[in-house]
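**Student:** Need coordinates for the following:
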Amino acid sequence: MSDLNVSLLRSFCIERFNERNLGAIHGVSHWDRVAENGKRLFCPGADTDVINAFAYLHDVERYNNGRDLQHGERATRVIDNIRHDLLSALSDVQVDKLKRACKQHTTTAKTGDITIDICFDADRLDLNRVGIIPDPARMATIKGKEFAMKAIEETKGKKYIFALYDTAQKFYNPVISDIDLAVGAFRKYGVYNDNRYAMIEAANKYAFSNEVFGKLLHTAFVFGASPITKLREEKALFDRVNKCYYMSKQEMQYYDNLPDSVTLYRGTSKKDLQSGIISPSWTDDSETAIKFAQCGYYGNDDSPRIVIKVKADKKQIKAVFIQALAIYACASAEIVYYHAGYRGIKIIREVDPFPFCFANHASQIRLNGMWLYSKEAKAVRETEFLSKAVGLWPKE
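**Tutor:** So this is what the prediction gives:
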């Protein structure tokens, strides 16, 4: 049982620190979180008293909230001053570790001493208070690396939610009125074309009502990239809610009008097909599949572009998204159908890819696999990019 009175030490540090009026960034709320992080990081062989004392002493001598590399050294002098009072319960060995931890916590990555390294990581895990995501590679302990990875996932998940909410407000309409507005809203969060499953999983975690989840699912599917894995898990997320929550009335009508057995088409590449991972994005219009094969796979691989087809049971179709193919200026809908393996799939034709693709949409242009939008696209439409494209079209 420890004799260290953490409560008294905390009060002492608060009184001393508050004299400088530096606020909360390096103050008691931060210290409390460091102490809590120390408990989460604890493992056999670590010294709880040293970790708790470090939590409240490591920043007590800060003179500012910016670059102050000597504040750890100054904290060691405070430790010497209270060694036989507030820290009398600690042995000389413990005091030595505490002083090393305070002195080195801003200058040293790892010491090899589990107690000191836990002190370092307990402090680093609270970096998100100043907008810095903890870097797993810079953590000193195994648990620290694990918690840092979770922090990244959590931060990314929340960013996905902000992006999806913002975009859905501009995008989730029966008919798209301004796709540039929606794309712009999504791009500003820096997650455009990120892994679609990660977005949907974030929506599943943070969106509590079926209606909100449905709209975010819809938006994530349209603006996210097909995951290389996780197709089975992604398919299961569609089963969380009824189709009416993630499909508009127009899309529901499109779905209802499909026959019980529907022929679906997909524009793809031979390399993609041979990978054995079939994306769930299909269409019931062969011309749309051709167009996607020509433009949609540019820059992904150099294998021949092909159009495949399969017979699908309507009940196995997860969604119809009219908005999705508007990005490719297609009139038909994207049909979400998860097909396992090669059974029933037929290659119906090869197509020549377009090295330079204009979308019919008024403010989009595609070159070298990259979409340009709005003012950027209009500015280059008849000038530099167009001149570079001369001679790249397939020969007649």
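**Student:** Wait, residue 332 touches residue 289, no?
**Tutor:** No. Proximity of residue 332 to residue 289 does not meet the contact threshold set by CB atoms under 8 Å, at 9.1 Å. (Each C-beta comes from the backbone N, C-alpha and C, glycine too.)
**Student:** Show me where the stretch 201-350 of the chain has its helices.
**Tutor:** 210-223, 231-238, 243-246, 249-256, 270-274, 286-295 (DSSP state H, counting those that start in this stretch).
**Student:** Most tightly packed of these?
**Tutor:** Neighbour counts (mean count of other CB atoms under 10 Å) averaged over each of the helices of the stretch 201-350 of the chain peak at helix 210-223, with a mean of 23.
**Student:** any idea of the mean pLDDT in it?
**Tutor:** Mean per-residue pLDDT for helix 210-223: 79.
**Student:** Could the C-alpha coordinates of it be exported in CSV?
**Tutor:** What follows is helix 210-223, C-alpha atoms only, in CSV (Å, rounded to 0.1, in the frame of the first residue of the first chain):
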residue,chain,number,x,y,z
ASN,A,210,-31.6,4.6,-38.4
GLU,A,211,-32.4,7.6,-40.5
VAL,A,212,-29.1,9.3,-39.9
PHE,A,213,-27.1,6.1,-40.4
GLY,A,214,-28.9,5.5,-43.7
LYS,A,215,-28.0,8.9,-45.1
LEU,A,216,-24.4,8.5,-44.0
LEU,A,217,-24.2,5.0,-45.5
HIS,A,218,-25.5,6.4,-48.8
THR,A,219,-23.0,9.3,-48.8
ALA,A,220,-20.1,7.0,-47.8
PHE,A,221,-20.8,4.6,-50.6
VAL,A,222,-20.9,7.3,-53.2
PHE,A,223,-17.8,9.2,-52.0
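**Student:** Kindly calculate the angle that that helix makes with helix 231-238.
**Tutor:** 140 degrees (axes from the mean of the first three to the mean of the last three CA atoms, to 10 degrees).
**Student:** what residue ranges in the stretch 101-250 of the chain score low on pLDDT?
**Tutor:** Where the stretch 101-250 of the chain drops to pLDDT under 70, the residues are 131, 153-157, 165-194, 206-208, 226-229.
**Student:** what about the residue of the chain positioned farthest from its centre, distance to residue 52?
**Tutor:** If you look at how far each residue of the chain sits from its centre, by CA atoms, centre = their mean, the farthest one is residue 84, at 49.6 Å. According to CB to CB, to the nearest Å, residue 84 and residue 52 sit 18 Å apart.
**Student:** between the helices of the stretch 201-350 of the chain, which one is nearest to residue 56?
**Tutor:** Nearest to residue 56 among the helices of the stretch 201-350 of the chain is helix 210-223; the distance by CB to CB comes to 41.6 Å.
**Student:** OK, contacts around residue 121?
**Tutor:** 37, 41, 139-141, 143-144, 147 (CB atoms under 8 Å, 6 or more residues apart in numbering).
**Student:** ok, now residue 132?
**Tutor:** By CB under 8 Å, 6+ apart, the contact list for residue 132 is empty.
**Student:** helix/strand/coil for it?
**Tutor:** Three-state assignment for residue 132 (DSSP: H, G, I helix; E, B strand; the rest coil): coil.
**Student:** Tell me which helix or strand residue 117 sits in.
**Tutor:** When elements are assigned from DSSP states H and E, residue 117 belongs to helix 114-124.
**Student:** which one of the helices of the stretch 201-350 of the chain lies closest to residue 89?
**Tutor:** Of all the helices of the stretch 201-350 of the chain, helix 231-238 comes closest under CB to CB, at 50.9 Å.
**Student:** before we move on, the earlier item: Serialize the helices of the stretch 201-350 of the chain to TSV and add fields for distance to residue 319.
**Tutor:** Converted to TSV, the helices of the stretch 201-350 of the chain look like this (distance: least, CB to CB, whole Å):
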stretch	distance to residue 319
helix 210-223	7
helix 231-238	7
helix 243-246	6
helix 249-256	8
helix 270-274	21
helix 286-295	16
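**Student:** closest one to residue 304 among the ones you listed?
**Tutor:** Minimum separation from residue 304 across these (CB to CB) falls at helix 270-274, 5.0 Å.
**Student:** Dump that closest one to PDB, restricted to CA.
**Tutor:** Extracted C-alpha coordinates of helix 270-274, given in PDB (Å, rounded to 0.1, in the frame of the first residue of the first chain):
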ATOM      1  CA  LYS A 270      -8.900  -8.200 -66.300                       C
ATOM      2  CA  LYS A 271      -6.400  -7.700 -63.500                       C
ATOM      3  CA  ASP A 272      -9.200  -6.600 -61.200                       C
ATOM      4  CA  LEU A 273     -11.300  -9.600 -62.100                       C
ATOM      5  CA  GLN A 274      -8.400 -12.000 -61.700                       C
END
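**Student:** Touching both of residue 332 and residue 289, which residues are there?
**Tutor:** What both residue 332 and residue 289 touch, as defined by CB under 8 Å, 6+ apart, is the set residue 283.
**Student:** related to what we said a few turns ago, could you tell me what pLDDT the model assigned to the residue farthest from the centre of the chain?
**Tutor:** 91.
**Student:** re the thing from before, just put the contacts of residue 121 in TSV and tack on neighbour count and distance to residue 322.
**Tutor:** TSV is the format used below for those (neighbours: other CB atoms under 10 Å; distance: CB to CB, whole Å):
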residue	neighbour count	distance to residue 322
37	23	48
41	25	50
139	23	46
140	22	52
141	18	51
143	18	48
144	24	47
147	21	43
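**Student:** Mind pulling the model confidence for residue 310?
**Tutor:** 95.
**Student:** Now for it: which residues touch it?
**Tutor:** With CB under 8 Å, 6+ apart, residue 310 has these contacts: 263-264, 266, 282, 337, 339, 344-346.
**Student:** now, the most widely separated pair of those residues?
**Tutor:** It's 337 and 346 that sit farthest apart of the contacts of residue 310, by CB to CB, at 15.1 Å.
**Student:** These two: which has the busier surroundings?
**Tutor:** Ranked by neighbour count (other CB atoms under 10 Å), residue 337 and residue 346 place residue 337 first, with 24 against 10.
**Student:** pretty sure the more buried one is touching residue 314, no?
**Tutor:** No. Counting by CB under 8 Å, residue 314 is not a contact partner of residue 337; they are 9.6 Å apart.
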